[in-house]
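Trainee: next come a sequence and a model predicted from it.
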Amino acid sequence: MTRKLRTYRDLAGEDRSRIGEQVGAQRRRVEERLRAVRHTVAVMSGKGGVGKSFVSAALATALAEAGEQVGVLDADLHAPTAARMLGVSGGPVEVREQGVLPAIGALGVRVMSTDFLLADGAPLAWREPKHEKFVWRGTLEAGVLREFLGDVMWGALDVLLVDLPPGTERFSALAEFVPSLAGVVVVTIPSDASLRAVQRSLGVARDAGIRVLGIVENMAGYVCGRCGGLAPLFAGDAAQRLAAAAGAPILASIPFDPAAQVAADGGVAAPAGAAAAAFVALRAALLARLEAS
Amino acid sequence: MKFLCVDCDQQMVFEDRHLPGDGTLAVAFRCPSCGRTVALLTNPMETQLVSSLGVIVGGRTVPEQPMELIRTAVEGGREDAFAEVGSAATGSPTWDEGAQRRLGAVPSFVRGMVKRIYTDYAIQHGVAVITTDVMDAARRDLGLEGM
């Protein structure tokens, strides 16, 4: 005869592990930490190599130039580049009882990145066990994002830009950790290949109920190093088609300027010339969208 | 997670937790009626599945530390990645040679966090000098076998 067993909910005694409560406390920590942040904005693209981190860094710089308090969370955990473009690298991050202080980049931009934590050239790797890591890698990476959001003492910010890696997985985690996410800035280049990849990002944002603040068309032409004129670089109208699909504006079209890229790689994310004007336009358009939300 | 003593139809109570350092976990529960003790033994994969969430099976004995998951789970972190600030307040306990040596064996990536936990334990227990015995007591009381 089968014995009738009492089950979890039948037992009135405490669940000492309180896993659910521990997870809930983590979420509250993120919520409390971001309470002083007016707008948390994701910068994403389904496609790699479109200049997302450059856009994040230069946009942060443009916002800071206008007197905004800005933070950049480099959520590209495996290939962090935004921090160095903002002029900060290495060095210890200060740990206090209440949290970890962000690094301070150019113009006071507050930055957190795995770039500060990993030895030069070292991949983001995890301790034991060595096998079947694919099972929990995503969970661990989401945990790193959660700690960057909740354990960094961001302080009062007007805008916190979250520079996401290619793909959509990290965005989904962000959307869950930050229900108050102000929206997403989607970066594309003009090509059809970019269109197809970035469309998927729009779909994920839509499914998560997150507002698309606008499209940034990066590498929209090439700034000639000799005459300063603008020459075509990629064929295609991805930005226009994505904007139409999302019902959102093109916030800016940014020309590719090799000098700006060299400067950014050297830790100066404020471009000159035509690209600089584009980032001023991007800043104005983004702030208008945020204020309208 | 709860444990039921089926014979007594009583919920068992938490008794002890061990993290032997090989990725496994052992948690003992005792029946308050008959005194029978059982242990939950998890393999490294099962342990990791839960710890990846940044939670502690058996409950927290110390508050979650800043970037705790990163500092305990990341491998190959920069030696000088973290600098603890504000843990050497006036009246903080000192560390004897043996305790310093043992602390020095902790990977630098997580050492500051471990030091803070032991220091807080010593302060809470009125300990002026942290020795290896104090560290053992803290590990036992706080379930810090992994540290």
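Mentor: Sure, I can see it. Numbers count the residues shown, from 1 in each chain, chains lettered A, B, ... in the order given.
Trainee: all strands for chain B, in order.
Mentor: B:4-5, B:10-11, B:13-18, B:25-30, B:37-42, B:74-75, B:82-84, B:94-95, B:129-130 (DSSP state E).
Trainee: quick one: low-confidence parts of the chain?
Mentor: This is for chain A. Applying pLDDT under 70 to chain A picks out residues A:1, A:128-129.
Trainee: sorry, I should have been clearer: chain B.
Mentor: B:87-91, B:145-147.
Trainee: ok, which stretches of it are helices?
Mentor: B:44-51, B:68-73, B:97-104, B:108-124, B:132-142 (DSSP state H).
Trainee: now residue B:55: how far from residue A:150?
Mentor: According to CB to CB, to the nearest Å, residue B:55 stands 14 Å off from residue A:150. Bear in mind the C-beta positions are built from the backbone N, C-alpha and C, glycine included.
Trainee: who has more neighbours, the two?
Mentor: Neighbour count, other CB atoms under 10 Å in any protein chain shown: between residue B:55 and residue A:150, residue A:150 has more, with 24 against 21.
Trainee: test my guess that the more buried one contacts residue A:35.
Mentor: No. With contact defined as CB atoms under 8 Å, residue A:150 does not reach residue A:35; the gap is 11.2 Å.
Trainee: right, and residue A:163 touches residue A:51 too?
Mentor: No. Between residue A:163 and residue A:51 there is no contact under CB under 8 Å: 11.1 Å.
Trainee: settle it for me: which of those two has more neighbours?
Mentor: residue A:163 (29 against 21).
Trainee: torsion angles phi and psi at the more buried one?
Mentor: phi -80, psi 110 (degrees, to the nearest 10).
Trainee: please give me every residue in contact with it.
Mentor: A:43, A:52, A:53, A:56, A:57, A:72, A:73, A:74, A:75, A:76, A:82 (CB atoms under 8 Å, 6 or more residues apart in numbering or on different chains).
Trainee: of all those, which comes closest to residue A:174?
Mentor: residue A:75 (7.0 Å; CB to CB).
Trainee: from memory the closest one sits against residue A:169, does it?
Mentor: No. Using CB under 8 Å, residue A:75 is not in contact with residue A:169, being 10.6 Å away.
Trainee: higher neighbour count, these two?
Mentor: residue A:75 (28 against 14).
Trainee: distance of that one relative to residue A:99?
Mentor: Taking CB to CB, one finds residue A:75 at 18 Å from residue A:99.
Trainee: name the strands paired with whichever strand or helix holds residue A:215 and say parallel or antiparallel.
Mentor: Using DSSP states H and E, residue A:215 falls within strand A:212-223. Paired strands of strand A:212-223, with direction, are strand A:183-188 (parallel), strand A:230-231 (antiparallel), strand A:250-256 (parallel) (DSSP bridges).
Trainee: which of those sits most buried?
Mentor: strand A:183-188 (a mean of 28; mean count of other CB atoms under 10 Å in any protein chain shown).
Trainee: helix or strand next in line after it, which one?
Mentor: By DSSP H and E, the next helix or strand past strand A:183-188 is helix A:192-207.
Trainee: list the contacts of that following helix.
Mentor: A:44-47, A:50, A:166, A:168, A:171-172, A:175, A:184, A:186-188, A:211-212, A:236, A:238, A:241-242, A:245-246.
Trainee: among these, which are located in strands?
Mentor: Per DSSP E, the subset of the contacts of helix A:192-207 in strands is A:44, A:184, A:186, A:187, A:188, A:212.
Trainee: among these, which one sits closest to chain B?
Mentor: Closest approach to chain B among the ones in strands among the contacts of helix A:192-207 (CB to the nearest CB): residue A:44, at 22.4 Å.
Trainee: residues contacting the residue nearest to the closest one when sequence neighbours are not counted?
Mentor: Leaving aside its sequence neighbours, residue A:44 sits nearest to residue A:164 (CB to CB, 6 or more residues apart in numbering or on different chains; 4.3 Å). Taking CB under 8 Å, 6+ apart, we find residue A:164 in contact with A:42, A:43, A:44, A:45, A:52, A:75, A:76, A:170, A:171, A:174.
Trainee: for residue B:98, grab the count of nearby residues.
Mentor: There are 13 residues near residue B:98, going by other CB under 10 Å.
Trainee: is it true that it touches residue B:131?
Mentor: Yes. At 6.3 Å, residue B:98 counts as touching residue B:131 under the criterion of CB under 8 Å.
Trainee: next, format the helices of chain B as JSON lines and append distance to residue A:158.
Mentor: Conversion of the helices of chain B to JSON lines gives the following (distance: least, CB to CB, whole Å):
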{"stretch": "helix B:44-51", "distance to residue A:158": "36"}
{"stretch": "helix B:68-73", "distance to residue A:158": "27"}
{"stretch": "helix B:97-104", "distance to residue A:158": "41"}
{"stretch": "helix B:108-124", "distance to residue A:158": "32"}
{"stretch": "helix B:132-142", "distance to residue A:158": "41"}
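Trainee: quick check: which of these is buried the most?
Mentor: helix B:68-73 (a mean of 22).
Trainee: for it, name the packing helices and strands.
Mentor: helix A:134-150, helix B:108-124 (3 or more CB pairs under 8 Å, 6 or more residues apart in numbering or on different chains; DSSP states H and E).
Trainee: nearest to residue B:51, out of these?
Mentor: That would be, of the helices and strands packed on helix B:68-73 and by CB to CB, helix A:134-150, which comes in at 8.6 Å.
Trainee: buried residues in that closest one, which are they?
Mentor: A:136, A:139-150 (16 or more other CB atoms under 10 Å in any protein chain shown).
Trainee: and it, what does it pack against?
Mentor: Applying 3+ CB pairs under 8 Å, 6+ apart, we find helix A:134-150 packed against helix A:19-33, helix A:169-177, helix B:44-51, helix B:68-73.
Trainee: just send the ones you listed back as CSV, with distance to residue A:260 too.
Mentor: CSV is the format used below for the helices and strands packed on helix A:134-150 (distance: least, CB to CB, whole Å):
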stretch, distance to residue A:260
helix A:19-33, 33
helix A:169-177, 26
helix B:44-51, 43
helix B:68-73, 32
